[in-house]
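A.B. asks: Sharing a model that was predicted from the sequence below.
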Amino acid sequence: MNSNYEVVVYGASGYTGKLIAWQLAERGIPFIAAGRSQARLESEMAKVPELKGFDYQCVEVAHDLDALTSLFSGKKIVYNVVGPFMQLCEVVVKASLKAACHYLDTTGEQDWMLFCEEHYGQPYADAGLLLVPACSWMWAAGNLAAEIALETPGVDSLDIVYCPNGEPSQASTRSFLRMCCQPQLYLENNELLPWPSATSYDVALPGRHRTLKALPWSGGGEPVWYNSDERVANCNVLTSFTNQVVMQAVVDCMNKFEAEYTGKTIHEQEAITNAWADELCSEEPARDHPAVHRTTISCYGRGSTDGVSVTLWATCGYSQTGALASFAVQRILSNKAKAEGFVSPATAFGARNLIQDLSDIGLHCTVDRSSY
């Protein structure tokens, strides 16, 4: 076994952590699977068939600065899968910086991304390190579609819709319910503005005749990344699920939250949304299936006199998250990262590169791009 592991997957025992472990094994990248319970780590890693005979190590670690810094020291990359991120993860970012590690995570929480940018973007840049929250299907996929749209000269406005087919994991359910009941922002004329609270929208997606209910779903990562990008003045992101029962359940929770809980403290609110999440999702889903869990990303790009439509036809959003993690790690270890500090996955690794990486393993089928 390798005693010089360069990669730590923190929170590896969860659903997404196991997918990242699987994809790291596929790329031949040894890693430490870290978390708060040695027994749970060993039990959950044993459920990943691709890890049989592979070089990895389970390490129990306390969730505090000193313990995490000690574990991360001497490593190169921390991939954090512990959430909800805004509740739990500042200590992980601090420890990664203190240990001189690149930090990436799988968050879907817009307020966490803004917090990371404001408080840690410059320190990471000064240290020559990457800080890449949301290096996962959500919100990297829309980021990839947006970059394809921005290849069209004159485009400065992005309208993005995510549409997966399936159900979120337990941790994702906690995370998205929390963020759907907090301020959610879009970019308009270079200013971040809040979406109306407890409001759903009808969206029409390529390949579907029926409209679907959609939500800001925290507001997305793309308005955060493009807020500091001189190419972009406007960016909004909505998310729908083909399972509209799930969407309606979330809308109902948002309406109840708006009516009864807006006056509570943030800790009381998060306890409420955590409890709702545990009611909505009590079991870990099986791995996503290519023929069932198809995904669509639609991005309309506009300029004053130009426009472009980009659609990403793909499958298995959660497996894409695992694969994106492995490709990001592989590129960092090969010294192929293109930036440092707080940046998007596309800026760090190249949009066309990541699309090709996903296509090579059968998770990204087609990119449709047409001008109008």
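C.D. replies: All right, it came through fine.
A.B. asks: Strands of the stretch 151-300 of the chain, start to end?
C.D. replies: 157-164, 185-188, 191-194, 201-203, 212-214, 234-239, 294-302 (DSSP state E, counting those that start in this stretch).
A.B. asks: Show residues contacting the longest one.
C.D. replies: Okay, so that is strand 294-302. With contact meaning Cβ atoms under 8 Å, 6 or more residues apart in numbering, strand 294-302 is reached by 137, 141-142, 144-146, 148-150, 152, 155-165, 205-207, 307-317, 320. Placement of C-beta: from N, CA and C, glycine included.
A.B. asks: Let's have the strands of the stretch 151-300 of the chain in a markdown table, adding mean neighbour count.
C.D. replies: What follows is the strands of the stretch 151-300 of the chain, written out as a markdown table (neighbours: other Cβ atoms under 10 Å):
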| stretch | mean neighbour count |
| --- | --- |
| strand 157-164 | 24 |
| strand 185-188 | 21 |
| strand 191-194 | 13 |
| strand 201-203 | 15 |
| strand 212-214 | 19 |
| strand 234-239 | 24 |
| strand 294-302 | 23 |
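A.B. asks: Turn those into a markdown table, columns for mean pLDDT and distance to K18.
C.D. replies: Listed next are the strands of the stretch 151-300 of the chain as a markdown table, based on pLDDT from 0 to 100; distance: least, Cβ to Cβ, whole Å:
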| stretch | mean pLDDT | distance to K18 |
| --- | --- | --- |
| strand 157-164 | 97 | 19 |
| strand 185-188 | 98 | 32 |
| strand 191-194 | 98 | 35 |
| strand 201-203 | 96 | 32 |
| strand 212-214 | 95 | 29 |
| strand 234-239 | 97 | 24 |
| strand 294-302 | 96 | 20 |
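A.B. asks: Make TSV out of these and add distance to Q110.
C.D. replies: Formatted as TSV, the strands of the stretch 151-300 of the chain follow (distance: least, Cβ to Cβ, whole Å):
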stretch	distance to Q110
strand 157-164	13
strand 185-188	6
strand 191-194	9
strand 201-203	17
strand 212-214	16
strand 234-239	9
strand 294-302	17
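A.B. asks: follow-up on the earlier one: out of the contacts of strand 294-302, list just those in helices.
C.D. replies: Judged by DSSP state H, the subset of the contacts of strand 294-302 located in helices is W137, A141, G142, L144, A145, A146, I148, A149, G317, Q320.
A.B. asks: where does the stretch 201-350 of the chain have low pLDDT?
C.D. replies: Nowhere does the stretch 201-350 of the chain drop to pLDDT under 70.
A.B. asks: Please repeat the previous calculation with a cut-off of 80.
C.D. replies: Filtered on pLDDT under 80, the stretch 201-350 of the chain yields the residue ranges 280-283.
A.B. asks: so how far is G307 from A34?
C.D. replies: Look at A34 and G307: by Cβ to Cβ, to the nearest Å, they are 46 Å apart.
A.B. asks: no wait, L51
C.D. replies: On the measure of Cβ to Cβ, L51 and G307 end up 47 Å apart.
A.B. asks: Over to Y120?
C.D. replies: Y120 sits 36 Å away from G307, going by Cβ to Cβ.
A.B. asks: Neighbour count for these two, which is higher?
C.D. replies: Set side by side, Y120 and G307 show more neighbours around Y120, with 21 against 17, by other Cβ atoms under 10 Å.
A.B. asks: May I have the residues that are in contact with the more buried one?
C.D. replies: Shown in contact with Y120 (Cβ under 8 Å, 6+ apart): V93, L97, L131, F342.
A.B. asks: following the helix or strand hosting it, which helix or strand shows up next?
C.D. replies: For Y120, the host element (DSSP states H and E) is helix 110-126. The first helix or strand that comes after helix 110-126 along the chain, using DSSP H and E, is strand 130-132.
A.B. asks: Against which helices or strands is that following strand packed?
C.D. replies: Strand 130-132 sits against strand 102-105, helix 110-126, strand 341-342, helix 345-349, with contacts defined as 3 or more Cβ pairs under 8 Å, 6 or more residues apart in numbering; DSSP states H and E.
A.B. asks: would TSV of those with distance to L24 be doable?
C.D. replies: Converted to TSV, the helices and strands packed on strand 130-132 look like this (distance: least, Cβ to Cβ, whole Å):
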stretch	distance to L24
strand 102-105	13
helix 110-126	23
strand 341-342	24
helix 345-349	16
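A.B. asks: of those, which approaches L324 most closely?
C.D. replies: Among the helices and strands packed on strand 130-132, the nearest to L324 by Cβ to Cβ is helix 345-349 (6.8 Å).
A.B. asks: what comes up buried for the next helix-or-strand element following that closest one?
C.D. replies: Once the chain leaves helix 345-349, the next helix or strand it forms, by DSSP H and E, is helix 351-360. Within helix 351-360, the residues that count as buried by 16 or more other Cβ atoms under 10 Å are A351, N353, L354, I355, D357, L358.
A.B. asks: Next: stretch 241-258.
C.D. replies: Neighbour-count burial for stretch 241-258 [16+ other Cβ under 10 Å]: F241, T242, V246, M247, V250, V251, C253, M254, F257.
A.B. asks: now those in CSV, with distance to I272?
C.D. replies: Below are the buried residues of stretch 241-258 laid out as CSV (distance: Cβ to Cβ, whole Å):
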residue, distance to I272
F241, 22
T242, 28
V246, 19
M247, 20
V250, 14
V251, 16
C253, 9
M254, 12
F257, 7
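A.B. asks: still on that earlier bit, which of the helices and strands packed on strand 130-132 is buried the deepest?
C.D. replies: Among those, strand 102-105 has the highest mean neighbour count (mean count of other Cβ atoms under 10 Å), at a mean of 27.
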